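Undergrad: this one's sequence-less:
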């Protein structure tokens, strides 16, 4: 029996014991099923492959298989490590993984948007996500120009049957000339053309509450990065920090959340890290 099968059996045994106890109290036995039926869980969990990039460099195909064996359903790319789009798609199919999204640099979008879109279609992505804005462009005017450019990219992606989005760090929440850049980007991009991938660690690192952004910009966040933070703002495996993921995921409909990608920027043991994070999310109820 492998570890995951053991966990399921153990959980079943524990539940059996609880049911036996509950039968002694009729009120409890009637209320418990109603409470259980109201709880939700994540049915699909993904991982941002940046978390295992050191392994991808050594063994691209083997790492994809290991990610699938760890229990993941989806992956988000951050580079193909010199593999062709056709090879990437073949290896994804062999591993039984879906790759709904990929990070692409703003330079790639500016330099070869058509080629970038074509690659995404070949691999099978449905989202292209820009993950970074260079420091020299982080001015009020720079953010406004980028918002306009994102609308152009979003339109081109839409014509190709794709969605375009932007992934935040913490710098987008640092005030520039009295304004918050993330709100410039959200406010000046067309919701029909531009989505957002909310990084739950970095928005907290930036001193903001994701629930507030769900309220102000409903439906704009179909993707998120699930990464945890300690009280002293260190990045840790999901479940080992203080971020209340249950409260966040309970607002998934308002946010528009569809894809949840685990990420740890610099894990000591990449596979152990993504497995521990995935185990926590599988058990999470909200």
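TA: In hand now; what should we look at? Keep in mind the model is a prediction, meaning the values are calculated, not measured. Residues are numbered from 1 along each chain as shown.

Undergrad: before we move on, which element is the closest residue to residue 72 other than its chain neighbours in?
TA: Computed as Cβ to Cβ, 6 or more residues apart in numbering, the closest residue to residue 72 that is not its neighbour in sequence is residue 47, at 5.1 Å. No exception for glycine: its C-beta is placed from N, CA and C like everyone else's. Per DSSP states H and E: residue 47 is located in strand 46-48.

Undergrad: quick one: average pLDDT of that strand?
TA: Mean pLDDT, strand 46-48: 98.

Undergrad: Who are the contact partners of the residue nearest to residue 72?
TA: 67, 72, 74-76, 261-263, 274, 278 (Cβ atoms under 8 Å, 6 or more residues apart in numbering).

Undergrad: In terms of secondary structure, what does the helix or strand hosting residue 196 contact?
TA: For residue 196, the element it lies in under DSSP H and E is strand 194-199. Judged by 3 or more Cβ pairs under 8 Å, 6 or more residues apart in numbering; DSSP states H and E, strand 194-199 is in contact with strand 127-130, helix 140-159, strand 163-167, strand 223-226.

Undergrad: ok, how many other residues are close to the closest residue to residue 137 other than its chain neighbours?
TA: Nearest non-adjacent residue to residue 137, counting by Cβ to Cβ, 6+ apart: residue 146, 6.5 Å away. Summarising burial for residue 146: neighbours were counted as other Cβ atoms under 10 Å, giving 23.

Undergrad: Give me the pLDDT for residue 146.
TA: 98.

Undergrad: Likewise for the one 3 residues further on?
TA: According to the model's per-residue confidence, residue 149 sits at a pLDDT of 99.

Undergrad: go on, residue 3?
TA: 39.

Undergrad: Show me the contact partners of stretch 64-77.
TA: 4, 44-49, 52, 55, 88, 91-92, 94-103, 123, 125, 129, 223, 259, 261-262, 271, 274-275, 278-279, 282.

Undergrad: So the protein: which segments form each domain?
TA: 1-38, 42-283 (automatic domain parsing).

Undergrad: Of the ones you listed, which shows the lowest average pLDDT?
TA: domain 1-38 (a mean of 42).

Undergrad: can you give me the helices in this protein?
TA: 3-22, 26-38, 53-58, 60-69, 85-95, 106-111, 113-123, 140-159, 181-188, 200-205, 210-216, 245-249, 252-255, 270-283 (DSSP state H).

Undergrad: related to what we said a few turns ago, with distance to residue 83 added, can I get the helices and strands packed on strand 194-199 in TSV?
TA: Listed next are these as TSV, based on distance: least, Cβ to Cβ, whole Å:
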stretch	distance to residue 83
strand 127-130	18
helix 140-159	22
strand 163-167	22
strand 223-226	23
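
Undergrad: Could you single out the most deeply buried of the ones you listed?
TA: strand 223-226 (a mean of 27; mean count of other Cβ atoms under 10 Å).
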